[in-house]
Structure formats: structure tokens, C-alpha cells
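K.L.:
Return atomic coordinates for the entry below.
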Amino acid sequence: TEELRQELMELMAAMRHDEGARDVARSHARARRCQACGYRGECGQALN
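P.N.:
Here you go, the predicted model:
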């Protein structure tokens, strides 16, 4: 639907914006997701 397409376009624009950012906030509160993340060693926001 057009609504889903628009939502996707907005999400992609936000991702492109964050891609060049120096510090991007964690987008979740799930410890298991953090444990599997490839950036965990570099992340100052990792969940324990």
C-alpha cells in the first residue's frame, strides 16, 4: 500500500541520515539482540 511505502521511505531516509553520524543511539532494549551484535565491543550503550 502507499502508506507502507511511505513508512519504508521515511525509515530508509532516517537510516541514511544516521549512516554518516558519529554516534547513533541504540534502537532497542533487548539484551539478547545486543549480545549478538557485531558492534558490541565498540558500543558504549551495550546492554548487560
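
K.L.:
mind checking how far stretch 4-17 is from the chain centre?
P.N.:
12 Å (C-alpha atoms, centre = their mean, to the nearest Å).

K.L.:
what's in contact with the longest helix belonging to the chain?
P.N.:
Counting by DSSP state H, the longest helix found in the chain is helix 2-19. With contact meaning C-beta atoms under 8 Å, 6 or more residues apart in numbering, helix 2-19 is reached by residue 24. Just so you know, the C-beta spots here come from the backbone N, C-alpha and C atoms, and that holds for glycine as well.

K.L.:
Could I get the CA-only coordinates of that helix as PDB?
P.N.:
Taking C-alpha atoms only, helix 2-19 is exported to PDB below (Å, rounded to 0.1, in the frame of the first residue of the first chain):
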ATOM      1  CA  GLU A   2       1.000   3.600  -0.400                       C
ATOM      2  CA  GLU A   3       1.100   4.000   3.400                       C
ATOM      3  CA  LEU A   4       3.600   1.200   3.900                       C
ATOM      4  CA  ARG A   5       5.700   2.500   1.000                       C
ATOM      5  CA  GLN A   6       5.800   6.000   2.700                       C
ATOM      6  CA  GLU A   7       6.800   4.400   6.000                       C
ATOM      7  CA  LEU A   8       9.600   2.500   4.300                       C
ATOM      8  CA  MET A   9      10.900   5.600   2.600                       C
ATOM      9  CA  GLU A  10      10.900   7.500   5.900                       C
ATOM     10  CA  LEU A  11      12.800   4.700   7.600                       C
ATOM     11  CA  MET A  12      15.400   4.500   4.800                       C
ATOM     12  CA  ALA A  13      15.900   8.300   4.900                       C
ATOM     13  CA  ALA A  14      16.500   8.000   8.700                       C
ATOM     14  CA  MET A  15      19.000   5.200   8.100                       C
ATOM     15  CA  ARG A  16      20.900   7.200   5.500                       C
ATOM     16  CA  HIS A  17      21.000  10.200   7.900                       C
ATOM     17  CA  ASP A  18      22.400   8.000  10.700                       C
ATOM     18  CA  GLU A  19      24.900   6.300   8.500                       C
END
